[in-house]
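Asker: need the 3D shape of this:
(4 chains)
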4 protein chains.
Amino acid sequence: MAGNSFGDIFRITTFGESHGSAIGVIIDGCPSNISIDENFIQSELDKRKPGQSKITTQRKESDTVQIHSGVFEGKSTGTPIAMFIPNEDQRSKDYSHILDKFRPSHADFTYQSKYGIRDYRGGGRSSARETAARVAAGAIAKLFLKQEGIEVFAHVSGVGSIESPNIDPTDLTDLLALREENIVRCADPATANEMISFIDDIRKNGDTVGGRISTVIRNVPVGLGEPVFDKLHADLGKAMLSINAVHGFEYGSGFEGSKMKGSEHNDIFIKDSTDKVTTQTNFSGGIQGGISNGMDITFRTAFKPVATIMRDQNTLNLEGEETTISGKGRHDPCVVPRAVIIVEAMAALVIADHLLKHRSYTHAR
Amino acid sequence: MAGNSFGDIFRITTFGESHGSAIGVIIDGCPSNISIDENFIQSELDKRKPGQSKITTQRKESDTVQIHSGVFEGKSTGTPIAMFIPNEDQRSKDYSHILDKFRPSHADFTYQSKYGIRDYRGGGRSSARETAARVAAGAIAKLFLKQEGIEVFAHVSGVGSIESPNIDPTDLTDLLALREENIVRCADPATANEMISFIDDIRKNGDTVGGRISTVIRNVPVGLGEPVFDKLHADLGKAMLSINAVHGFEYGSGFEGSKMKGSEHNDIFIKDSTDKVTTQTNFSGGIQGGISNGMDITFRTAFKPVATIMRDQNTLNLEGEETTISGKGRHDPCVVPRAVIIVEAMAALVIADHLLKHRSYTHAR
Amino acid sequence: MAGNSFGDIFRITTFGESHGSAIGVIIDGCPSNISIDENFIQSELDKRKPGQSKITTQRKESDTVQIHSGVFEGKSTGTPIAMFIPNEDQRSKDYSHILDKFRPSHADFTYQSKYGIRDYRGGGRSSARETAARVAAGAIAKLFLKQEGIEVFAHVSGVGSIESPNIDPTDLTDLLALREENIVRCADPATANEMISFIDDIRKNGDTVGGRISTVIRNVPVGLGEPVFDKLHADLGKAMLSINAVHGFEYGSGFEGSKMKGSEHNDIFIKDSTDKVTTQTNFSGGIQGGISNGMDITFRTAFKPVATIMRDQNTLNLEGEETTISGKGRHDPCVVPRAVIIVEAMAALVIADHLLKHRSYTHAR
Amino acid sequence: MAGNSFGDIFRITTFGESHGSAIGVIIDGCPSNISIDENFIQSELDKRKPGQSKITTQRKESDTVQIHSGVFEGKSTGTPIAMFIPNEDQRSKDYSHILDKFRPSHADFTYQSKYGIRDYRGGGRSSARETAARVAAGAIAKLFLKQEGIEVFAHVSGVGSIESPNIDPTDLTDLLALREENIVRCADPATANEMISFIDDIRKNGDTVGGRISTVIRNVPVGLGEPVFDKLHADLGKAMLSINAVHGFEYGSGFEGSKMKGSEHNDIFIKDSTDKVTTQTNFSGGIQGGISNGMDITFRTAFKPVATIMRDQNTLNLEGEETTISGKGRHDPCVVPRAVIIVEAMAALVIADHLLKHRSYTHAR
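Answerer: Numbers count the residues shown, from 1 in each chain, chains lettered A, B, ... in the order given. Down below sits the predicted model:
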């Protein structure tokens, strides 16, 4: 209801403000006897944490995860898994520049209006810092999916007007290696270099820019997703749109597909070499009637430019008086390099939840 | 869980197969004392029903709504509102051509795999006929929103590669009149004519085409939407993606916004002539941090081309043998003219639900 | 939220007022491929319907069920099952005696205060007529449980101060036969006769009386129920307390158990002849830590006397003025004979829901 | 779904095992601008903590609460409130006596069977230690209810066969003072003394005993509770039955009421001195048709005797072999003195949740 939980069976609830004592997450509904590798969870958090490179914020947070429950002798017990990430970077810095001002295209005005109160320090709950908790939960979802042979891969496919050529998802392990070789997390090295220098220029100008992330989910069994309202792509879409700064979602053929003809767009069913039912093309993005059909699930997510820029902007204060404001401190010129891991985490959570739904009631046994 | 319900407080549950005895919906959580105008509900259904024009399916269904509960002496009572729409067009026609074949880019294969059984007649539950129930429920949501002064307007802004120029949403009543003057439901008359002749050609070739619908929601109070997972745009996105054939959703600046710089994209807060806080631009689409900011809420939805074409296509049958299939009977060459009202219905349901959430617990009184 | 739905996975939503056109229920989440025997559903409804005997209301309703969706060629399809029960007994009788008066211990005052409007005809939504929809849904839950070998049995164990001796639940089929041999539905024939004549006297005096129902659930697998808040007995308790007129619930040793010592109350684990783990006694009522342990699940439910009596009572009207009111028409002198089937239905719904939860995520596979 | 959350709008999720690093709770949906008095929360926890007297366990836990989010400058912000209670008493004691044995009437067998793994240390998640998190959350619910003028009071009304006379709930503040004057938390001093010496004898014999707790909720507005499934007393019942060791729940006239006649049991509506609608008697326990009627809400809860006794008992081990087990360490001879505060906490959570529901959608404004 208050919207800090996600998922029905594999359900997470996050908490924490960016400058409180800690943020964290509770997972309720994780199956028992999953091997919980803390190092893997930490390595996922390290991919999201600030201060990774010259094109991300220079703020320093180790984002060290603590597991407080639900894991016994390295295995999930089926009880709630509580994970904590203490906030280290709470230096009592001066917030007077935002305390009573509404930052343009931030959530200051809407939070203040909705709640009549807000923790203005670093954006409080509206800070993207909250997504660290999602990454920790997503890491556990990935450990569960791994046992099922399901892989989730995302990379930066666009920054500003720069577009990456389509990548061949045949081997996601190779793509992951390619992606991690560069700081912008694009699996196409040439495009990556272009993006990096572009973002660096933007940063030097005190400006920011948006971007796009493409995702592939591999080896999803046929039958995941509920018809009508909880279609698999509808839940993936909501998951992506719940990530800070996301303004658009499309799956399979997406917006371009809406310009096509049926005779071009239909995916013809054939049998592959192993006699498995598959389709000649995949404009459906691996989902038909809201249900996975066994093909790769593919979707794309659009992120707006970061709202905090290092320039003076006009705005209003709490009293509604005109004033100016300028970004201070350490911010990302472009969010997509760090958002890749958030996108993967949310995708993993959606698939884990639908996998458990699928087990529960689809077939009478 | 099984995904036939939508909304948390203003909650609907739909039922029914396209060739069963009836389809319908139960609304649970509609406030009491709302004036329920049956004629309005029927007029909304009439905008979605088949057989409206040469560019929609020629199938005939009167889609007559029956209200069985929750309304007493013309007012909602706060108890569940059950609405029924009997299926008239159940002529026992020959389904042998699809009984054991998987129609390309339809839900036959995924339903069969998920449930091990399916009502193949006319697509059963996966038929867009289910959306008539959403339109009936959406009509009641609109009657509730009307009491709150909130307006929802959608129109066809794209068909194939044809794009409508941006429309001026100053007067939604005028736009509604313009939209209803043409059979494609585009508020720009010149573009409408272009779209109509294009769809007509497509139809004559036994083919189909996709399109796009743009929506504006006016007079939404500040503060609707829950931060984090249930952001207002995330719920709108899920609502749109749950509509048959939708492959993409974007709000405010959308995908194009992801190519912009922060200095271009930020919406500067100003005061309007009435001293109300507003923004100079609206790239945020009326939503900041997942919460409505009082500006127009704007989003766009992409529909893939209809999968049923009047041409032979290769496919597989239940036994996995290669075969061919061809569309029969009466289908839409393009769904967007009828989908406009479905988009409005789902948007109204999301706003009604968040309006009730907002009342419940945002502020201590 | 508005509380007309029950269950998480096997989920029902009921609708309808006692004197509207129909009442009914939608089941969402019923597994596919369950054999749906309409005759069984009707036979269950016949056990609840009015006019069965001299000790129930003489009102006549055939309570004929119509299935409108979710069943294809005799099997559940996994889509929503919508069932309708038209209201026949809608004679436009005179309601002036209750239109503006609050019947003592009825819901007139609370509905009027909560909603600011109410359908006063026959109690509207607060009428026990709503439970017919639960019985129809419960019948389908029973058909599902039957496939799993699970049996649910309830009978009248108390009327007024009359208590039935404990029955031996070894053979529930025999008990069911014994129960259906008498009109009060007590499986102990001698006690049944005593109860019947007592209720008949009460009725002749224009008065009513309360009673108690005892339930046994047999062959429930070990592991159903979620620890902490959704304990199996907590959900059974809520299910029972949601039935009109229920004022109390106890399971296993119940209130008497709270007077015992641990050394008397503990159920010692032993192995039965088949080497299956069982317990020497069953004060736990088949549930330990909120989870079924494989023993018989046993609980008891207390029903208050029917509020409508055939005598003058003082009360207030809508204007808050003092007035008198007297029961009219045809009412039950005691609800338990008809409530037995409602108790079984709600119990079956709880077990079905928890069985599906158990499948979904308890064990990593 | 996995059952570690409670409430729909004012929603809590608890986590933690008795011998893990910490237990805690997240509250999602607490209204903003509630004054959060940490001292009050701690004082509530102090009433539940172990080691309070000779008739409770001698185990020592300070149960110190830490608030990590959702509170800013002493006020709730509307974002999730995360509270932590570190476990201090984790001395690596010898668990070999329970590691592979099923303690009679404990959850060892059912957890092991359900999850295939369990944290056996001190009962893990099934330990009543989990209820400390409920008390912390309940304290915040009480702070919210206090602003609305609503009071919740519970006391020990029965231990073994000892019954307290009915207490006069006219002044709950006086009763609270009386209750806190004795270690068994019975508001009737004479009965309290009797109970204390009885429990002390039981303890000396290495045995345990059950008891009963009675609750009154005062100043609940008319209209709380949803008809049909989410009746106010059904949610109170589920809340009580979710507390460890509870085997029974009754409200208003309860089980005794089921022996009465309608002419005795009906609550006649009258006007009080202030012209407010009230009832002459309150057999309805303040709830009619599942909705509060403004009178005192009254209910009673039955607790079974503690399962851990200081005597040898026969049981089975993981291999299903016969063995014996005896309680070790420090356990409560009777839970009710500490459970009083848990009962109040759960009651406060139910009322807070229904109060927010009531605000949201009952009336069109």
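Asker: going by C-alpha atoms from here, please, whenever you check contacts or count neighbours.
Answerer: Will do.
Asker: pLDDT weak spots in the stretch 251-365 of chain A?
Answerer: Across the stretch 251-365 of chain A, the ranges flagged by pLDDT under 70 are A:361-365.
Asker: can you name the residue of it nearest chain C?
Answerer: Of all residues in the stretch 251-365 of chain A, A:S360 sits closest to chain C, with a separation of 3.8 Å (Cα to the nearest Cα).
Asker: how many other residues sit next to that residue?
Answerer: By other Cα atoms under 10 Å in any protein chain shown, 23 other residues sit near A:S360.
Asker: give the contact list for it.
Answerer: By Cα atoms under 8 Å, 6 or more residues apart in numbering or on different chains, the contact list for A:S360 reads C:356-361.
Asker: closest to chain A out of the residues you listed?
Answerer: For the contacts of A:S360, the residue nearest chain A by Cα to the nearest Cα is C:S360; the value is 3.8 Å.
Asker: separation between the closest one and C:H354?
Answerer: Distance of C:S360 to C:H354, computed by Cα to Cα, to the nearest Å: 10 Å.
Asker: quick check: neighbours shared by those two?
Answerer: With Cα under 8 Å, 6+ apart, C:S360 and C:H354 have no common neighbours.
Asker: in which helix or strand does the residue nearest to A:A239 when sequence neighbours are not counted reside?
Answerer: In space, and not counting its chain neighbours, A:A239 is closest to A:M346: 5.9 Å by Cα to Cα, 6 or more residues apart in numbering or on different chains. Using DSSP states H and E, A:M346 maps to helix A:336-361.
Asker: from the chain's centre, how far out does that helix sit?
Answerer: Taking Cα atoms, centre = their mean, to the nearest Å, one finds the center of helix A:336-361 at 9 Å from the center of the full chain.
Asker: could you give the angle of it to helix C:336-361?
Answerer: Counting by axes from the mean of the first three to the mean of the last three Cα atoms, to 10 degrees, helix A:336-361 points 130 degrees away from the direction of helix C:336-361.
Asker: follow-up on the earlier one: residues in contact with the residue nearest to A:A239?
Answerer: Counting by Cα under 8 Å, 6+ apart, the residues that A:M346 touches are A:134-135, A:138, A:236, A:239-240.
Asker: and what of A:C30?
Answerer: By Cα under 8 Å, 6+ apart, the contact list for A:C30 reads A:9-11, A:76, A:78-81, C:361.
Asker: same list, these, but as CSV with secondary structure please.
Answerer: As requested, these are arranged in CSV below (DSSP: H, G, I helix; E, B strand; the rest coil):
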residue, secondary structure
A:I9, coil
A:F10, coil
A:R11, strand
A:S76, strand
A:G78, coil
A:T79, coil
A:P80, coil
A:I81, strand
C:Y361, helix
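Asker: okay if I get those residues as JSON lines plus neighbour count and distance to C:T278?
Answerer: Formatted as JSON lines, the contacts of A:C30 follow (neighbours: other Cα atoms under 10 Å in any protein chain shown; distance: Cα to Cα, whole Å):
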{"residue": "A:I9", "neighbour count": "27", "distance to C:T278": "31"}
{"residue": "A:F10", "neighbour count": "26", "distance to C:T278": "32"}
{"residue": "A:R11", "neighbour count": "21", "distance to C:T278": "34"}
{"residue": "A:S76", "neighbour count": "24", "distance to C:T278": "27"}
{"residue": "A:G78", "neighbour count": "28", "distance to C:T278": "24"}
{"residue": "A:T79", "neighbour count": "31", "distance to C:T278": "25"}
{"residue": "A:P80", "neighbour count": "28", "distance to C:T278": "29"}
{"residue": "A:I81", "neighbour count": "23", "distance to C:T278": "31"}
{"residue": "C:Y361", "neighbour count": "25", "distance to C:T278": "25"}
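Asker: any idea what the nearest residue to A:G70 once chain neighbours are set aside is bridged to?
Answerer: Leaving aside its sequence neighbours, A:G70 sits nearest to A:I81 (Cα to Cα, 6+ apart; 4.3 Å). Beta-bridge pairing for A:I81 (DSSP bridges): A:I27.
Asker: what's the separation between A:I81 and chain C?
Answerer: As judged by Cα to the nearest Cα, to the nearest Å, A:I81 and chain C stand 14 Å apart.
Asker: also A:A136?
Answerer: A:A136 sits 20 Å away from chain C, going by Cα to the nearest Cα.
Asker: excluding sequence neighbours, find me the nearest residue to that residue.
Answerer: Excluding its sequence neighbours, the residue lying closest to A:A136 (Cα to Cα, 6+ apart) is A:I41, at 5.8 Å.
Asker: repeat that for A:D188.
Answerer: Closest to A:D188 by Cα to Cα, 6+ apart is A:S164, at 6.7 Å.
Asker: enumerate the residues of chain A near chain D.
Answerer: Taking Cα under 8 Å from any Cα of the partner chain, the part of chain A that reaches chain D is made up of A:1-4, A:8-9, A:14-17, A:20-23, A:26, A:28-29, A:32-33, A:68-70, A:72, A:77-82, A:115-119, A:125.
Asker: restricted to strands, list the residues you listed.
Answerer: Secondary structure assignment by DSSP state E places A:14-15, A:22-23, A:26, A:28, A:72, A:81-82 of those in strands.
Asker: re the thing from before, got the phi and psi for the residue nearest to A:A136?
Answerer: With angles defined as degrees, to the nearest 10, A:I41 sits at phi -60, psi -50.
Asker: if I pick it, what's in contact with it?
Answerer: Contacts for A:I41 were tallied using Cα under 8 Å, 6+ apart; they are A:65, A:136, A:139-140.
Asker: most neighbours, which of the residues you listed?
Answerer: Neighbour max across the contacts of A:I41 (other Cα under 10 Å) = A:A136, 30 neighbours.
Asker: for that one, report the pLDDT, please.
Answerer: A:A136 carries a pLDDT value of 98.
Asker: one more: A:I9?
Answerer: The model reports A:I9 with a pLDDT of 95.
Asker: you'd agree it is up against D:M1?
Answerer: Yes. When contacts are counted by Cα atoms under 8 Å, A:I9 is listed as touching D:M1 (5.7 Å).
Asker: look up how far C:D275 lies from the closest residue to A:N293 other than its chain neighbours.
Answerer: Nearest residue to A:N293, sequence neighbours excluded (Cα to Cα, 6+ apart): A:V222, at 4.7 Å. As for A:V222, its distance to C:D275 is 40 Å (criterion: Cα to Cα).
Asker: what about these two, which has more around it?
Answerer: Each of A:V222 and C:D275 has its neighbours counted (other Cα under 10 Å); A:V222 has more, 19 against 9.
Asker: got the contact list for the more buried one?
Answerer: Shown in contact with A:V222 (Cα under 8 Å, 6+ apart): A:291-294, B:110, B:113-114.
Asker: ok, which stretches of chain A are helices?
Answerer: For chain A, the helices defined by DSSP state H cover A:38-48, A:96-99, A:108-115, A:131-147, A:172-180, A:189-204, A:232-241, A:254-257, A:262-265, A:336-361.
Asker: the second one: which residues count as buried?
Answerer: What it means is helix A:96-99. By neighbour count with 16 or more other Cα atoms under 10 Å in any protein chain shown, helix A:96-99 contains the buried residues A:98-99.
Asker: pull the distance from that helix to the chain's centre.
Answerer: Distance of helix A:96-99 from its chain centroid, counting by Cα atoms, centre = their mean, is 29 Å.
Asker: so where's the stretch 1-150 of chain A shaky on pLDDT?
Answerer: For the stretch 1-150 of chain A, residues meeting the criterion pLDDT under 70 lie at A:89-94.
Asker: at 50 what do you get?
Answerer: Of all residues in the stretch 1-150 of chain A, none has pLDDT under 50.
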